[in-house]
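1. Test case, fold it:
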Amino acid sequence: MKLLVDAGNSRLKWAWWDGTVLDGVSAVANTGMDVSALWTNGQNADSVWIASVASTAANAALAATARDRFGVEPVFAVPRARACGVRIAYVQPENLGVDRFLGLIAAHAHQQAPTVIASCGTALTLDALAADGAHLGGLIAAGPQLAQDVLRGGTARLAAVPAGRVVEIADNSADAIESGTWLSAAALIGRFVAQTARRLDSAPALILTGGGAARLSPWLDVPHRIDAELVLRGLARLADAGA
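-> Sure, this is the predicted structure:
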């Protein structure tokens, strides 16, 4: 049994992988949390695989907990030029976020077809993937919540504006900020999907993932599916390949 861990900027997710299904998928906020309190239910893991975009200190704490609980040295996934049928577009693949790298692996394993992956979390990341596993590249923007924080932090008159609703045309500042940031994300995704379709001469499937996926989904005009465990699925494929 493998323990798979996805350490993001704001959430820590994990699941147990037996080679067939992800079991016991769990998530907690990882800001300042004590990871040494995790995985104390006695379940055993013969290996621990970690995908992390968290800090060096957080990674060290995760590694120490894995050693203490299971007596194994955890494997941290690292992006590289080729893996599991996917070829990364970056000249320096190590600069691609590991979450994006694993999302591409999971998407290609699910269906060998043109695909766009949109991950909505602290950042909004977009990646285009051809049917043969060639990664075309992508975009990075601030996620809606981060964009709101920047607006409030950098604009004196907006600092005290409360959270609002998402509407198409707002008549107050709270709704204008909420709507502007979420609808901007939706518009960028729509544009990226259209550009990918032109590059590949085929309409890509759109996979939406990340902590903000459910909130963003109603505002997308493009058909899509939500896969909340996309990174964990990619990590499972990489672990099975022993890479």
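
2. max-length helix in the chain?
-> Longest helix in the chain by number of residues (criterion: DSSP state H): helix 173-200.

3. other SSEs contacting it?
-> Here helix 173-200 touches strand 115-120, strand 123-129, strand 135-142, helix 144-154, helix 213-216, going by 3 or more CB pairs under 8 Å, 6 or more residues apart in numbering; DSSP states H and E. Where you see a C-beta, it was placed from the backbone N, CA and C, and this is true even at glycine.

4. Please identify the buried residues of the third one?
-> Going by neighbour count (16 or more other CB atoms under 10 Å), the buried part of strand 135-142 is 135-136, 138, 141-142.

5. mind putting those residues in a markdown table, pLDDT and distance to residue 231 included?
-> Shown next, in a markdown table, are the buried residues of strand 135-142 (pLDDT from 0 to 100; distance: CB to CB, whole Å):
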| residue | pLDDT | distance to residue 231 |
| --- | --- | --- |
| 135 | 98 | 16 |
| 136 | 98 | 20 |
| 138 | 98 | 15 |
| 141 | 98 | 19 |
| 142 | 97 | 20 |
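
6. Might one say that residue 148 is in contact with residue 181?
-> Yes. Residue 148 is in contact with residue 181 according to CB atoms under 8 Å; the separation is 5.2 Å.

7. of the buried residues of strand 135-142, closest to residue 119?
-> Residue 119 lies nearest to residue 138 out of the buried residues of strand 135-142, by CB to CB, at 9.7 Å.

8. and that closest one, how far is that from residue 65?
-> Residue 138 sits 32 Å away from residue 65, going by CB to CB, to the nearest Å.

9. Residue 109 now?
-> 29 Å.

10. These two: which is more packed in?
-> residue 65 (20 against 17; other CB atoms under 10 Å).

11. show me the contacts for the residue nearest to residue 165 when sequence neighbours are not counted.
-> The shortest distance from residue 165 to any non-neighbouring residue, by CB to CB, 6 or more residues apart in numbering, is to residue 175 (5.1 Å). Under the criterion of CB atoms under 8 Å, 6 or more residues apart in numbering, the contact list for residue 175 reads 164-167.
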